[in-house]
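Participant: coordinates only, sequence not included:
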């Protein structure tokens, strides 16, 4: 009986050394990583995300995690290397997917819906740049005299950087082969971003000549 008691104490001690608190909106959960021999020194961020999904049903593709105000981004990093220690609080941001949204994709997967949401956000950013690009094109097509060199140079650089950032975000959206809808939407926006980049590059060539 005494031996059982001390074994129980050891179990409790191990649990306390491998357990963290998860906060999502108004909900709180305790997540244990006692299945890992070295606890938080061995468990990875991707393991944390899987446990978060089990508890909250928030798709991994749109999860945002932070600890002590710092964002957790690298899925291959150990929890300890991210500053996560026993008993600390990890904040989860994200929403679950409703049944109506699941009807949008043949896979019926909440992860595909989450990826679609990411692609759509990038698409909104790209479409938001169209007016600025049109104004830039108009400025080089009918330049004012004297030429506003600073505007042309700064605008060309800014638009190129924003489009490159959008393209990098799209590249980071990894869609499995079975997520056909998300893959198609991602492909459409890659083409859109490349098309917009070409327009900006063409306008920058003209702007460079005007600024000589």
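Facilitator: That came in fine, so what should we check first? The shown structure was predicted, so the numbers you read here are calculated from the model rather than taken from an experiment.
Participant: For stretch 49-63, what is the spacing between the initial and final residues?
Facilitator: 8 Å (Cα to Cα, to the nearest Å).
Participant: ok, residues contacting it?
Facilitator: For stretch 49-63, contacts defined as Cβ atoms under 8 Å, 6 or more residues apart in numbering pick out 22, 24, 27, 29, 31, 33, 65, 75, 92-97, 110-111, 113-115, 117-118. C-betas here are computed from N, CA, C, even on glycine.
Participant: Not counting sequence-adjacent ones, nearest residue to the spatially most central residue of the chain?
Facilitator: In the chain, the C-alpha nearest the mean C-alpha coordinate belongs to residue 62, at 6.2 Å (Cα atoms, centre = their mean). Spatial nearest neighbour of residue 62, excluding adjacent residues (Cβ to Cβ, 6 or more residues apart in numbering): residue 114 at 4.2 Å.
Participant: returning to that earlier point: take the contacts of stretch 49-63 and keep only those in helices.
Facilitator: 110-111, 113-115, 117-118 (DSSP state H).
Participant: Out of these, give me the one that has the most neighbours.
Facilitator: In terms of neighbour count, residue 115 stands highest of those at 26 neighbours, by other Cβ atoms under 10 Å.
Participant: isn't that residue right next to residue 170, touching?
Facilitator: No. Counting by Cβ atoms under 8 Å, residue 170 is not a contact partner of residue 115; they are 10.9 Å apart.
Participant: what residues are shared contacts of these two?
Facilitator: Joint contacts of residue 115 and residue 170 (Cβ under 8 Å, 6+ apart) are residue 186.
Participant: Just give the number of residues close to residue 157.
Facilitator: For residue 157, using other Cβ under 10 Å, the count is 12.
Participant: And the pLDDT for it?
Facilitator: Listed pLDDT for residue 157 reads 96.
Participant: now swap in residue 5 and tell me
Facilitator: 40.
Participant: Could you list the low-pLDDT ranges of the chain?
Facilitator: Scanning the chain for pLDDT under 70 picks out 1-14.
Participant: Mind jotting down where the strands sit in it?
Facilitator: Along the chain, the segments classed as strands by DSSP state E run 19-24, 27-32, 64-67, 70-72, 89-93.
Participant: Compare those strands and give me the one nearest residue 189.
Facilitator: strand 64-67 (21.2 Å; Cβ to Cβ).
Participant: Tell me the helices and strands packed up against that closest one.
Facilitator: helix 45-56, strand 70-72, strand 89-93 (3 or more Cβ pairs under 8 Å, 6 or more residues apart in numbering; DSSP states H and E).
Participant: would CSV of the strands of the chain with distance to residue 57 and mean neighbour count be doable?
Facilitator: Listed next are these as CSV, based on distance: least, Cβ to Cβ, whole Å; neighbours: other Cβ atoms under 10 Å:
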stretch, distance to residue 57, mean neighbour count
strand 19-24, 10, 17
strand 27-32, 11, 14
strand 64-67, 15, 16
strand 70-72, 19, 14
strand 89-93, 11, 17
